[in-house]
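Enquirer: mind looking at a prediction? Sequence and model below.
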Amino acid sequence: MKIQKNLNLNFKDLKITELPECDEVNLLLGTCSYDEACTKFKALQSLETGEELFPGFISTVTGEIKSVEKMTGITGELSVLKVHVNSEDKVHSSFKEHENISSKTRDELLSIINKSGFNFSTESNINTIFIYAIDLEPLCSVNSQIFTESQDKLTEALTFIKKLYQANEIVLIVPKVLEDKTKQKVLTNAKVIGLDGLYLKADPAMIISSFSDAASRSSHAFITFEKVLAAYNSVIKGQPYIYKVISLITKNEKKNLKVRIGTPISKLLENTELKDNDKVILGGPMKGHTCYDLNYPVNSDIDMIYVQDAKDVYKYESNQCINCGKCVNACPVNLHVNLIGRFAEFSNFETCDELGVNDCIECAYCSYKCPAKRSLLQLMQHAKRQIALNTNTEI
Amino acid sequence: MKLIVSSSPHWHDGSSIKKIYYNIIIALLPVVAFAIYSFGMHAVRVIALSCASAMLSEVLIRKLFKKDFETDNGFALLTGLLFALILPASMPYWIVIFGAFLCIFTGKEVFGGLGSNPIAPVLVGWAILRISWPEYFNLNFVLAPYDLAYDWQYPLALVKSSGTDSIATYTMMDLFMGKQAGGLGSTNGLLLLIGGAYLIIRKIISWEISLFFLIGTLIMATIYNVMNPSLYANGLFHILTGNLLIGLFFLSTDYGSSPYSKWGLIIFGLGCGMLTVILRAWSSYPDGVVFAIMIMSLFTPLLDKIAPKIKKINVNYLERNKVL
C-alpha cells in the first residue's frame, strides 16, 4: 500500500487538453425509470445537440438512439440512453447568441440557463453565493485550472452571477497563491478568500462555519467556477452545457481533460492498463465513489477520475476500536467518532443521534487516520441513514 | 476484469495497530538491553517467561472465548514485556507466569478485548500480585543476594522509613543512570527518556500526559518538601526513582484507559503525578505510581466528557450542501 501523506489542496498548472470525440455516448436520464424511458425513446430516433430529453437533462451530442439500457450507478440502478454520434455536430435551433444580457430579466436568463442543461435554483432569496475556484479534493485541479486560464472573463462572469441572483455578497474562494492577484482584479465585485493546506478547509460546511453572520448562513449557495463560466457562455454564446473538464489521475499520467458529457469512462482510460483488483474512483480519493461500471458516462458532478493500482488499494479491516482517540482529534466538528462508530456497529442509533452524528460533514478524515482501519465514515453514514428512516416512519 | 468497489476514503495514512505496538516495543528495547546488562540471565528469565506467558494466555483465552486470534498485533507481547520490566529480577517463575496471565485475562479479555479495558492490563496484573504476595515485591530486600555495583536498598523505601538523610549518599546522576534498586526496566532514566522521546516524535503517545505527569509530580513533591524537608524528598528524586519514568511514558499512555481530549490528557497527567507523590508519602506502599495511574484511569470516562463543543453548522444537511 502506498501511503499518501499529502492531503493538501492542489494547485498545479496542468494545461487542459481536449479528448477526441468518440462515436458512442451514454446519456443519463436522471430520475426517469427504465420503463418510462423505453416508451419515450425509440431506436433510431435522431437527437440534436442541446435537445431536452428529460427536465434538466439534454442530449449532448447529435446522433441516433441505439438503445435504452440499465446501468449500475453510484446510487443504484439507472437508465441510460445509448446514442450513436454523427460526425457533424448540429446544435438545436432554440440556442442562439444573446449579445445584450442587461435587457433580459432574471427569469428569462434562468430559463435560458436551465434549458442548456443546468439545474439552477429559481429561488430569489439567496444572500451569499460562494464560488469555488478551488477544488475540494487533493490531486484535483479542475476549477483552479479553469480559473487561471480564463482570467479575462472573470469580471463579466461575476457581474453576471450577481445579477442573476441579486445576491448581497459573492465570495470567491481561490488558491492562496492567487489571492492577492485576484483581489486586485475583482475589486469590489466579490469578497476573495485564499485557501491552502488540508483539503478539509475547503469543505462547504467549514466555509460556512467560518462565516458567523446568521444572515449569510440562512440563505446561501455554492457553485463551482466552471459552472459559472459555462452558464455565462450558454447565455452569451448560445452554447449548451456539453463539455466538462475532468482531472484524470491514472497510474502513469496526470492531466486535465475537456470531455463531452456522456462519454463512457472506459474511453478516458484507453491509455491506462487496467488489471484485476484495480479501483476506478469517480471523484477524489477522500470522498469519491468507486465506479461499478466502466460504461458509466461522464456527467457534470464528476470532477475527477482517479485510478488506483491494485497494490495501492487499502483494505478496511474488521478490527475492534482501540480507543486511541486519533479520530476524535482529527474530526473538524469535534464528534466522538470512536463512540459513534461503536454504537452504530451495534445498531444503537438513538445514542448515535444523541452524540451528534447528524452534524458529521462526511469529510472522511477519521477513516483516513484510524490505525485499526475501521470503516468509520461508512458507519457514520449508516447511522445517519437509519436515524432518518426511523424518524420518517414514526411520522 | 474485476474492479474493486469500496466506500470512501480511498487513502489511508498507513498507521496500524501492529505498527503502534511494535513501535512501543522498539522504544523499550534499550531498557531491555540495560536490564540484561545489569542482571544477566535473571533478567532474561523474567522477561522471556512473562512475554511467553502473556502471548500464550491470550491465545488460550481467545480460543476459550471463541474469538479470532490477534496475538500477531503485538499487544500481548508488549503487555508481557512491560509487566516484566516493572518486576524485580528476583521474581519467582510462578509469579511471573501467573501475573502475565492475570494481565491478559483480568486486565484485557474480560472487559471485551483491546481498547475496552478501563485500566491498563499491566497495572491490573501487577496490582493483584502486589497485594496478594507483598513479600516478593519488597524491593528493599529482594535484590540483596545479587552482586550489584550499587546499594541494593530501595531508595523510596529508605525515604519512607528513615527520612531524607538516608538517601544523602545517592547522587541524582547515579539515579538517572540506573544505579539504584528497582524493577528490571524502571531504573534507567536516560534510556526511558530516549524511548519516550521516540514515541512522542512518532506521535504514538501524547506528550500532554507525560509532561503534565512530570509537572504534577514536581508540584506535589515540592509542596511536601517545603512542609517537611527532613521527611519528604525533593521533586527530582521523586521523578528519578521507582516506576515513575516508565509509568510516565509507557504505563499511563495506554490507549484504552487514557482520555483523548487535550484538557482530559492534561488533567489526567496532573492527577497521576500528584497522586503518585501523595501515595508515596502517606500510603503504606513505598511507590505509588501504579496505583495513581489506576485511580486516574477510573476517571477517564469522565475526563472524556471535557471535549470541545460539537460545531453545529446550524443548517440541515441538504441545505448545507445546496449547490446551484
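Expert: Thanks, I have it.
Enquirer: residue boundaries of the helices in the stretch 151-300 of chain A?
Expert: Along the stretch 151-300 of chain A, the segments classed as helices by DSSP state H, counting those that start in this stretch run A:154-165, A:179-186, A:204-210, A:214-218, A:225-236, A:265-268.
Enquirer: from residue B:32, how far out is the residue of the stretch 201-324 of chain B found nearest chain A?
Expert: Closest approach between the stretch 201-324 of chain B and chain A, counting by C-beta to the nearest C-beta: residue B:260, at 2.5 Å. (Glycine included, C-beta is placed from N, CA and C.) The span separating residue B:260 from residue B:32 equals 29 Å under the rule C-beta to C-beta, to the nearest Å.
Enquirer: more neighbours, those two?
Expert: Looking at residue B:260 and residue B:32 with other C-beta atoms under 10 Å in any protein chain shown, you find the greater number of neighbours at residue B:260, namely 22 against 19.
Enquirer: which residue is the nearest non-sequential neighbour of the residue of the stretch 201-324 of chain B closest to chain A?
Expert: Leaving aside its chain neighbours, residue B:260 sits nearest to residue A:325 (2.5 Å; criterion: C-beta to C-beta, 6 or more residues apart in numbering or on different chains).
Enquirer: residues contacting that neighbour?
Expert: Contact partners of residue A:325, counting by C-beta atoms under 8 Å, 6 or more residues apart in numbering or on different chains, are A:338, B:255, B:259-261.
Enquirer: could you redo the last one with a cut-off of 10 Å?
Expert: A:336-338, B:206, B:255, B:258-261, B:264-265, B:304 (C-beta atoms under 10 Å, 6 or more residues apart in numbering or on different chains).
Enquirer: what about whichever residue of the stretch 101-250 of chain B sits closest to chain A, how many neighbours?
Expert: When distances are taken as C-beta to the nearest C-beta, the stretch 101-250 of chain B approaches chain A most closely through residue B:115, which lies 3.7 Å from it. Counted with other C-beta under 10 Å, the neighbours of residue B:115 add up to 22.
Enquirer: do the same with residue B:64
Expert: For residue B:64, the number of neighbouring residues by other C-beta under 10 Å comes to 10.
Enquirer: was I right to think it contacts residue B:110?
Expert: No: under the contact definition of C-beta atoms under 10 Å, residue B:64 does not touch residue B:110, with a separation of 11.6 Å.
Enquirer: give me the most central residue, chain A.
Expert: By C-alpha atoms, centre = their mean, chain A has its centre lying nearest to residue A:301, at 3.6 Å.
Enquirer: thought residue A:74 was touching that residue, still the case?
Expert: Yes: because the distance of 9.2 Å satisfies C-beta under 10 Å, residue A:301 is recorded as touching residue A:74.
Enquirer: point out the other helices and strands that the one helix or strand residue B:78 maps to packs with.
Expert: Assigning secondary structure by DSSP states H and E places residue B:78 in helix B:75-85. Judged by 3 or more C-beta pairs under 10 Å, 6 or more residues apart in numbering or on different chains; DSSP states H and E, helix B:75-85 is in contact with helix B:17-39, helix B:41-64, helix B:93-102, helix B:121-132.
Enquirer: distance to residue A:163 and mean pLDDT for those helices - can I get that in TSV?
Expert: Supplementary listing: those in TSV, determined by distance: least, C-beta to C-beta, whole Å; pLDDT from 0 to 100:
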stretch	distance to residue A:163	mean pLDDT
helix B:17-39	56	94
helix B:41-64	68	95
helix B:93-102	76	95
helix B:121-132	67	94
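Enquirer: which one of those is the most hemmed in?
Expert: For the helices and strands packed on helix B:75-85, ranked by mean neighbour count under the definition mean count of other C-beta atoms under 10 Å in any protein chain shown, the leader is helix B:121-132 at a mean of 22.
Enquirer: starting at the chain centroid, how far to that one?
Expert: For helix B:121-132, the distance from its own C-alpha centre to the chain's C-alpha centre is 12 Å (C-alpha atoms, centre = their mean, to the nearest Å).
Enquirer: quick one: check that helix for contact with chain A.
Expert: No: on the criterion C-beta under 10 Å from any C-beta of the partner chain, helix B:121-132 is out of touch with chain A, staying 12.6 Å away.
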